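> pasting the sequence and the predicted coordinates here, then a few questions.
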Amino acid sequence: MGRNDAKMDYETIYDLYGINKNQISKNEERRIRKNLTSWLKIYLQTCGYSEELSYMI
């Protein structure tokens with residue numbers, strides 16, 4: 001997956017997990033986003049879906 005391939009609603013994810021975006025550093029936010037993208041890729045592979053489905057998210 002490339003840099004802008006996954007279109008995730010990070011704001012909703014932050015709300016679900018109670019993460020206040022204003023209280024985390026840029027490095028921490030980058031790490032969270034990278035992990036979410038990684039987990040999505042692993043989930044799609046586990047379910048047998050193509051990575052192309054991540055374009056719809």
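Perfect, I can see it now.
> for the most centrally placed residue in the chain, report the pLDDT, please.
By CA atoms, centre = their mean, the mean C-alpha position of the chain lies nearest to residue 36, the distance being 3.2 Å. Looking at residue 36, its pLDDT is 88.
> and the helix or strand containing it, what does it pack onto?
Here residue 36, judged by DSSP states H and E, is contained in helix 26-47. Packed against helix 26-47 by the contact rule (3 or more CB pairs under 8 Å, 6 or more residues apart in numbering; DSSP states H and E) you find helix 10-17. From N, CA and C alone the C-beta is placed, and that goes for glycine too.
> which other helices and strands contact the helix it packs on?
By 3+ CB pairs under 8 Å, 6+ apart, helix 10-17 packs against helix 26-47.
> and the helix it packs on, what's buried?
32, 37, 40, 44 (16 or more other CB atoms under 10 Å).
> list the contacts of the first one.
Taking CB atoms under 8 Å, 6 or more residues apart in numbering as the definition of contact, the neighbours of residue 32 are 19, 24.
> for residue 47, see how far away it is.
Residue 32 sits 22 Å away from residue 47, going by CB to CB, to the nearest Å.
> again with the third one
Separation of residue 40 from residue 47 (CB to CB): 11 Å.
> so where's the protein uncertain?
1-6, 50-57 (pLDDT under 70).
> same thing but at 90, please
1-11, 13, 17, 19, 21, 36-57 (pLDDT under 90).
> on the three-state scheme, residue 8 is what?
Assigned by DSSP: H, G, I helix; E, B strand; the rest coil, the conformation of residue 8 is coil.
> could I get the phi/psi values of it?
Dihedral angles of residue 8 (phi, psi; degrees, to the nearest 10) stand at phi -100, psi 150.
> quick one: it and residue 35 touch, right?
No - with contact defined as CB atoms under 8 Å, residue 8 and residue 35 do not form a contacting pair (11.5 Å).
> which neighbours do the two share?
Joint contacts of residue 8 and residue 35 (CB under 8 Å, 6+ apart) do not exist.
> need the buried residues of helix 26-47 in a markdown table (columns: distance to residue 19).
As requested, those are exported to a markdown table (distance: CB to CB, whole Å):
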| residue | distance to residue 19 |
| --- | --- |
| 32 | 7 |
| 37 | 16 |
| 40 | 17 |
| 44 | 23 |
